Structure formats: C-alpha cells, structure tokens
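Novice: Model the following, please.
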Amino acid sequence: MADEFDPEKFEDKYAHYFNELQRAYKNAFNQMNDRYDSELIHGIDQTVLNESEPFYEDGEFRVELPENPRERIRGAVPVDDETFEETLEEYVDRIESELYRTLGVDRPE
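Specialist: Below is the predicted model:
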C-alpha cells in the first residue's frame, strides 16, 4: 500500500499506484461477482472496464468509461439495457469506493 496518497503522483498513476489500482479493481470485481450474474460481471470487466480510466480531481475519484459501453458488451452477454446500466453504475461506484479505501483517502461528504 502507498505510504500516503499524493494527488500529484496520481497523475502518473500507473508508475506510482499500479498495485493499489489493481487491488481496488479486483476487490470491486470480487464484490460484484458475488452479488450478480458472473457472466455479466466478467463481460463488463472485459469489454468496458478494461479500457476505463480512474482519475482524482478536486478531491474525488471518478472512473471514466470508454465510449459506448453498452455497445461494447452487446452480443457478448445477453442482458437488457436497464440491467446493464444499473449493474455498470453500481460496479463503477464500487471501484470508486475501493479506490478511496485502498489508497487511504477520505471520501468527501
């Protein structure tokens, strides 16, 4: 785990926080995989989140998704739009929560 989170170092996150990023994404994956259809979670992980990008701006973590996340999974996993959107939103929320926890950053109120 990083000694103390440094927002400036997060700009070069893969050099300074690679292990923590991997852990946060893996923890979120495990939580989601325990609660939802594993085919859907694996599909989201492999077709959408594999090209997502975490950012830390103005004291908050956020995960930016690639363009057209729904189109990326279409055909790979049978899921209706509403279920996909709700599951993806919760998955991203869990990743962001895990980033705070793993990097030891207090979540803003």
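Novice: and Ile44, what is it in contact with?
Specialist: Neighbour list for Ile44: Ile73, Phe84, Thr87, Leu88, Tyr91 [criterion: CB atoms under 8 Å, 6 or more residues apart in numbering]. (Glycine included, C-beta is placed from N, CA and C.)
Novice: Quick check: of those, which has the highest neighbour count?
Specialist: Among the contacts of Ile44, Tyr91 has the most neighbours (other CB atoms under 10 Å), with 25 neighbours.
Novice: Name the SS class of the nearest residue to that residue once chain neighbours are set aside, please.
Specialist: Leaving aside its chain neighbours, Tyr91 sits nearest to Met32 (5.2 Å; criterion: CB to CB, 6 or more residues apart in numbering). Per DSSP: H, G, I helix; E, B strand; the rest coil, the secondary structure class of Met32 is helix.
Novice: Helices of this structure, start to end?
Specialist: 7-10, 13-16, 18-35, 38-47, 69-73, 81-103 (DSSP state H).
Novice: Among those helices, which comes closest to Glu60?
Specialist: helix 81-103 (8.2 Å; CB to CB).
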